[in-house]
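> Quick one: sequence and predicted model below, then my questions.
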Amino acid sequence: MKDLEFLPEHHIRARRNQRLRLTRMWLLIVLTLSMVCWAVFSHARIASVKAQLAGVNDKMTVINYEGQKAVLNQLRRQELAYVGQEKLTGQLAADPRGHRARLLGEICEMVPDQVVLTRVEIDRQARLRPGAKRLPVSTSRRRGLKAPEPPNELVDRIRVEGFAKDDLSLARFLQNMNDGEAFEQGELGFSKDAVYNDCPVRVFTATFFAVVRQAAATPATNSD
């Protein structure tokens, strides 16, 4: 049964309009609160995503830096190797009699299978002959007497670097070099543990000397 209204028509319309305004206001409040909550959630989400992106960028920067550093170190090692090869090639080219080439060949014969040489330097220098005394600044030469032998001699200083499987292999290499006729008693610079291609090895340096044998001068003959 329909309710009967005894109020005037304008009061009924006013009450309906008031209810409609209240309903709209509540809907607007709920919508505003929803938008505020969504904005706060979105802001927090955006901040979290930015932090994650910053972390990823930092990791990528570190990875990129480490990769560039490794490439740079490899290029530097290659440059040093090329410089050493160029220097050695120049020394071999400046040795017309092939003395240094013969030294390299003899060194290769002395190296055992468990030893790998990574660098060989050959420098020619002059030193005081063992057991000889320095000549005075001014010496008089008499006719018919043999000229005194100069106290200095030319030697090749040989410095080698490389890897050895163990101390026994290194000792065998040093013994082979010392037993060779072309080399004098060598000195071990240093030897320490290292890792090469995931294998434990001994890194070492050693120095040897080889006397440069100069051809004897042909004596002059007097012709009548």
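Now that the structure is in, tell me what you want to look at. All of these numbers come straight from a predicted model, not from anything done at the bench. Residues are numbered from 1 along each chain as shown.
> Contacts for the host helix or strand of Glu121, please.
Mapping Glu121 onto the secondary structure by DSSP states H and E places it in strand 115-128. Contacts to strand 115-128, defined as C-beta atoms under 8 Å, 6 or more residues apart in numbering, come from residues 81, 84, 87-88, 91, 100, 103-104, 107, 111, 134, 151-165, 169-170, 172-173, 212. For glycine as for every other residue, the C-beta is placed from the backbone atoms N, C-alpha and C.
> I'd like the average pLDDT over that strand.
Averaged across strand 115-128, pLDDT comes to 84.
> about what we covered before: just the contacts of strand 115-128: which are in helices?
81, 84, 87-88, 91, 100, 103-104, 107, 169-170, 172-173 (DSSP state H).
> export those residues to a markdown table and tack on neighbour count?
Shown next, in a markdown table, are those (neighbours: other C-beta atoms under 10 Å):
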| residue | neighbour count |
| --- | --- |
| Ala81 | 12 |
| Gly84 | 15 |
| Lys87 | 13 |
| Leu88 | 16 |
| Gln91 | 17 |
| Arg100 | 21 |
| Leu103 | 22 |
| Leu104 | 16 |
| Ile107 | 22 |
| Ser169 | 20 |
| Leu170 | 23 |
| Arg172 | 18 |
| Phe173 | 23 |
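> thinking Val212 is in contact with Asn152, fair?
No. Look at Val212 against Asn152 with C-beta atoms under 8 Å: they stay out of range, at 11.4 Å.
> Over to the spatially most central residue of the chain. Which of the three states is it?
Nearest to the geometric centre of the chain sits Asn73, at 3.8 Å (C-alpha atoms, centre = their mean). What DSSP: H, G, I helix; E, B strand; the rest coil gives for Asn73 is helix.
> so which helix or strand takes in Leu33?
Assigned by DSSP H and E, Leu33 falls in helix 9-93.
> relative to strand 115-128, how tilted is that helix?
Relative orientation of helix 9-93 versus strand 115-128 (axes from the mean of the first three to the mean of the last three C-alpha atoms, to 10 degrees): 50 degrees.
> What residues does Ala81 make contact with?
Ala81 makes contact with Arg119, according to C-beta under 8 Å, 6+ apart.
> Now do it against Glu161, distance only.
Separation of Ala81 from Glu161 (C-beta to C-beta, to the nearest Å) stands at 11 Å.
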